[in-house]
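> Sharing a model prediction with you, sequence too.
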Amino acid sequence: MSSNGQASILIIYTGGTIGMIQNVDTGALESFNFDHLLKHVPELKSLNINIDAITFDPPIDSSDMEPELWSRIVTNIEENYERYDGFVILHGTDTMSFTASALSFMLEDLMKPVILTGSQLPIGALRTDGKENLITAIEIAAAKNSDGTPVVPEVCVFFHEKLMRGNRTTKINSESFGAFGSNNYPLLAMAGTDIQFYTRNIKKYVPGLKLKAHHEYNSNIIILSLFPGIQQEVIEKVLATKELKGVIFRTFGAGNAPQKKWLIEALSKATSEGKIIINITQCAGGSVHMERYETGLQLLEAGVISGKDSTVEAALTKLMYLLGKNLPVEEIRRRMSESIAGEITE
């Protein structure tokens, strides 16, 4: 935190389109350099905010994002937590929601803003969305209440005027500037002529909490989506995989599956062996209610756990996180259907 009263923000550039600068002479895209950023976004100098930057070397395409890189981001935040008022993570859009979800669990008792943003066009492009996303993300990360506490003390995604809880987001469009949505949780803020914060939706600041950074994870998990005509042999072989610890099971509607004896037997066998199966709806919005129909109740009886209204990204990263802590299976099953970082609507 700055000694002159200005807010102090750390930018962590992991990679992605937002950090690419187009060389006007060659037309080639060059990777992020903070001096280049100041040149292309001179407005940063007028924000009255102290800004520093850390750059991944080499930058990571978001398609190559891995849990060990989430741990690296956590380390960057942990080591600089007392020095800065907030953090802005520049990230490629393809896996941004996975990273935002993972960080929400790995940064336990976080009481400062961690804002992920990116762009659909490079920061130096004529019609870039990167400039607005970056400037506003920094403003949000630096925003404080009248008592000096941060306005948004949680992991968020800011994109195209919308501030969203990170573990509630999903990438919904590969071309539109409005690339992200939050179907099961309301917005935290809207950025128009002013930034309007919806404080009732934002995690409450708790004085005295100390950041607990976690780096453990277990990624022996698979996402398995149902579809009409799915074959018995495929399901059985997947669930019998020796190293498999958990399954994000994407079902129909409110958590329904075909009434096939072989399917329920395969699921029951897997859960009896200690594999954790989480039921997530394939629908863009809504929640799992396995007790509502017979087609869902059979899954409940087979030991499948309701992920309620979690996104796939949140359910996957949460299960990785809990498995990495080597907790008893029953405790993991219980916590997967409870909110631990605002990822489930209670």
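Good, I have the coordinates. Residues are numbered from 1 along each chain as shown.
> just the strands in the stretch 201-346 of the chain please.
With strands called from DSSP state E, counting those that start in this stretch, the stretch 201-346 of the chain shows them at 212-213, 221-225, 246-251, 276-281, 305-306.
> Serialize those strands to JSON lines and add fields for mean pLDDT, distance to residue 340 and mean neighbour count.
Bear in mind the C-beta positions are built from the backbone N, C-alpha and C, glycine included. What follows is the strands of the stretch 201-346 of the chain, written out as JSON lines (pLDDT from 0 to 100; distance: least, Cβ to Cβ, whole Å; neighbours: other Cβ atoms under 10 Å):
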{"stretch": "strand 212-213", "mean pLDDT": "97", "distance to residue 340": "12", "mean neighbour count": "14"}
{"stretch": "strand 221-225", "mean pLDDT": "97", "distance to residue 340": "17", "mean neighbour count": "16"}
{"stretch": "strand 246-251", "mean pLDDT": "96", "distance to residue 340": "16", "mean neighbour count": "24"}
{"stretch": "strand 276-281", "mean pLDDT": "96", "distance to residue 340": "14", "mean neighbour count": "25"}
{"stretch": "strand 305-306", "mean pLDDT": "94", "distance to residue 340": "14", "mean neighbour count": "24"}
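> Using TSV, lay out the ones you listed together with distance to residue 155.
Output for the strands of the stretch 201-346 of the chain, formatted as TSV (distance: least, Cβ to Cβ, whole Å):
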stretch	distance to residue 155
strand 212-213	13
strand 221-225	21
strand 246-251	20
strand 276-281	20
strand 305-306	24
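> closest to residue 332 out of those?
Nearest to residue 332 among the strands of the stretch 201-346 of the chain is strand 276-281 (5.8 Å), distances taken as Cβ to Cβ.
> Okay, now the sheet partners of the helix or strand hosting residue 12, with direction.
Using DSSP states H and E, residue 12 sits in strand 7-13. The pairing partners recorded for strand 7-13 under DSSP bridges are strand 49-55 (parallel), strand 86-90 (parallel).
> in which helix or strand would I find residue 105?
Using DSSP H and E, residue 105 sits in helix 96-106.
> same for that helix, what does it pack against?
helix 67-80, strand 114-117, strand 155-159, strand 170-171, helix 312-324 (3 or more Cβ pairs under 8 Å, 6 or more residues apart in numbering; DSSP states H and E).
> Nearest to residue 284, out of these?
The closest of the helices and strands packed on helix 96-106 to residue 284 is strand 170-171. By Cβ to Cβ, the value is 7.7 Å.
> packing partners for that closest one?
Judged by 3+ Cβ pairs under 8 Å, 6+ apart, strand 170-171 is in contact with helix 96-106, strand 180-181.
> would you turn those into CSV with distance to residue 25?
As requested, these are exported to CSV (distance: least, Cβ to Cβ, whole Å):
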stretch, distance to residue 25
helix 96-106, 31
strand 180-181, 34
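> per-stretch mean pLDDT over these, give me the minimum one.
With a mean of 91, strand 180-181 has the lowest mean pLDDT of these.
> Direction included, what does that strand pair up with?
strand 170-171 (antiparallel).
> so how far is the partner strand off the chain centroid?
Chain-centre distance of strand 170-171: 9 Å, with Cα atoms, centre = their mean, to the nearest Å.
> And for it, what's in contact with it?
With Cβ atoms under 8 Å, 6 or more residues apart in numbering as the test, strand 170-171 has contacts from 93-94, 96-97, 179-183, 284, 311-313.
> please redo it, this time with the cut-off set to 7 Å
With contact meaning Cβ atoms under 7 Å, 6 or more residues apart in numbering, strand 170-171 is reached by 93-94, 96-97, 179-181, 311, 313.
> for this protein, where's the lowest mean pLDDT among helices and strands?
Least confident helix or strand, the chain: strand 29-30 with a mean of 63, by mean pLDDT, DSSP states H and E.
> circling back to that earlier point, tell me the angle the helix holding residue 105 makes with helix 312-324.
Interaxial angle of helix 96-106 relative to helix 312-324 (axes from the mean of the first three to the mean of the last three Cα atoms, to 10 degrees): 40 degrees.
> pLDDT score for residue 31?
64.
> OK, contacts around residue 112?
Residue 112 neighbours (Cβ under 7 Å, 6+ apart): 85-86, 150, 153.
> Using JSON lines, lay out those together with neighbour count, pLDDT and secondary structure.
Shown next, in JSON lines, are the contacts of residue 112 (neighbours: other Cβ atoms under 10 Å; pLDDT from 0 to 100; DSSP: H, G, I helix; E, B strand; the rest coil):
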{"residue": "85", "neighbour count": "21", "pLDDT": "97", "secondary structure": "coil"}
{"residue": "86", "neighbour count": "26", "pLDDT": "97", "secondary structure": "strand"}
{"residue": "150", "neighbour count": "22", "pLDDT": "97", "secondary structure": "strand"}
{"residue": "153", "neighbour count": "20", "pLDDT": "98", "secondary structure": "coil"}
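> Fine by me, we can end here.
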